[in-house]
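fold the stuff below for me.
(one chain, ligands or ions: 1)
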Amino acid sequence: MGAQFDEYAKNYDQLVDSALSSTGEGKDYFATRRVEWVSSYLERLGLQPRILLDYGCGNGSNAPLLLQQLRLDSLIGVDVSEQSIAEARRRAPLKATFSTPSSFALNQQADLAYACGVFHHIAPTERTTALNYVYRALKPGGIFTFFEHNPWNPGTRYVMSNCEFDKDAITITPAEAPTLLQSAGFQVLTREFLFFFPKWLGFLRRLEPMLKKVPLGGQYVVVGRRLR
Ligand SMILES: C[S@@+](CC[C@H](N)C(=O)[O-])C[C@H]1O[C@@H](n2cnc3c(N)ncnc32)[C@H](O)[C@@H]1O
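Below is the predicted model:
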């Protein structure tokens, strides 16, 4: 299913920007807010990660942001789409390396794993294998931030219906996600909702932190921790 993204490796950013146009924002706005969320969450836990696994990294466009905002020593991006990996390598910043999961696996080396919008592209029967890969990559105590589109938000469903590569996606509800992570051995630390208001209601965005437990945000994040 993932190699489907080979054909989008070159124009992925434009496709996402165009699908998001109804929100008034582009891909970078959402990526920045997610990484800011991770940064402030880790700060609350008192953690400073050094090595990050970006699982389903696509064309690697999030790497500079993740490296800089999280002050990482290194980032390893993996993706099943070889064309996306080729594109990620072409634009790779210093400290970032990219591979397919079948050719490279970390073994208890990552402090942090990040996945955004990946698991709804993985067939339900293959999700546990993917989660096991992430789990194995993490050090004991390592943190996994799992971001997904929220199918309970009508705006998200609309955006997905306008996105060419989301046609075959099988969304994961906010109710299913914690159980999914637990089934792979993760201890679930939190689940929070983000992105309630489009740009034209931007003056309301300062309320979003107070709405974090309301299951209607455009995306949600589940944080899992590898115990041992
Ligand atoms: C919607 S894109 C998200 C890319 C990136 N995470 C982002 O935030 O822009 C989904 C990515 O997941 C990858 N993918 C799908 N199945 C995968 C799997 N089993 N293992 C790793 N990556 C996978 C696809 O190839 C694609 O690049």
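
quick one: the helices in the protein?
Per DSSP state H, the chain carries helices over the ranges 12-19, 27-45, 63-69, 82-90, 127-137, 154-161, 176-183.

now render these as a markdown table, adding mean pLDDT.
Shown next, in a markdown table, are those (pLDDT from 0 to 100):
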| stretch | mean pLDDT |
| --- | --- |
| helix 12-19 | 95 |
| helix 27-45 | 98 |
| helix 63-69 | 98 |
| helix 82-90 | 97 |
| helix 127-137 | 98 |
| helix 154-161 | 96 |
| helix 176-183 | 98 |
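
which non-adjacent residue is nearest Ser84?
Ala9 (4.6 Å; Cβ to Cβ, 6 or more residues apart in numbering). The way it works is simple: take the backbone N, C-alpha and C, and place the C-beta from them, glycine included.

pretty sure Gly217 is touching Asn153, no?
Yes: checked against Cβ atoms under 8 Å, the pair Gly217 and Asn153 is within contact range at 6.5 Å.

looking at the helices of the chain, which is nearest to Leu201?
The closest of the helices of the chain to Leu201 is helix 154-161. By Cβ to Cβ, the value is 11.0 Å.

mind listing what's buried in that closest one?
Of the residues in helix 154-161, Gly155, Thr156, Arg157, Val159, Met160 count as buried by neighbour count, 16 or more other Cβ atoms under 10 Å.

higher neighbour count, Gly217 and Asn153?
Ranked by neighbour count (other Cβ atoms under 10 Å), Gly217 and Asn153 place Gly217 first, with 23 against 20.

with the ligand as the reference, measure out to the more buried one.
From Gly217 across to the ligand, the span is 17 Å (Cβ to the nearest ligand atom, to the nearest Å).

contact partners for that residue?
Contact partners of Gly217, counting by Cβ atoms under 8 Å, 6 or more residues apart in numbering, are Asn150, Asn153, Phe193, Leu194, Phe195, Phe196, Glu208, Leu211.

what's the answer for Asn62, then?
By Cβ under 8 Å, 6+ apart, the residues touching Asn62 are Ala31, Val35, Asp54, Tyr114, Cys116.

specify the beta-bridge partners of Val221.
Here Val221 sits in beta bridges with Phe147, Glu192, as judged by DSSP bridges.

number of residues surrounding the residue nearest to Ser84?
Ala9: 19 neighbours (other Cβ under 10 Å).

and what of the one 4 residues further on?
By the other Cβ under 10 Å criterion, the neighbourhood of Asp13 contains 16 residues.

now do Thr173
12.

mind checking how far it is from Arg33?
22 Å (Cβ to Cβ, to the nearest Å).

so Thr128 makes contact with Ala184?
Yes: using Cβ under 8 Å, Thr128 is in contact with Ala184, at 6.0 Å.

ok, these two, which is more surrounded?
Under the criterion of other Cβ under 10 Å, the comparison of Thr128 against Ala184 puts Ala184 first, with 19 against 14.

how close does that one sit to Asn11?
33 Å.

ditto for Ser61
12 Å.

out of those two, which sits in the busier spot?
Neighbour count, other Cβ under 10 Å: between Ser61 and Asn11, Ser61 has more, with 18 against 12.

who's in contact with the residue nearest to the spatial centre of the chain?
Nearest to the mean C-alpha position of the chain, by Cα atoms, centre = their mean, lies Cys116 at 1.4 Å. Going by Cβ under 8 Å, 6+ apart, Cys116 touches Ala31, Arg34, Gly56, Asn62, Phe147.
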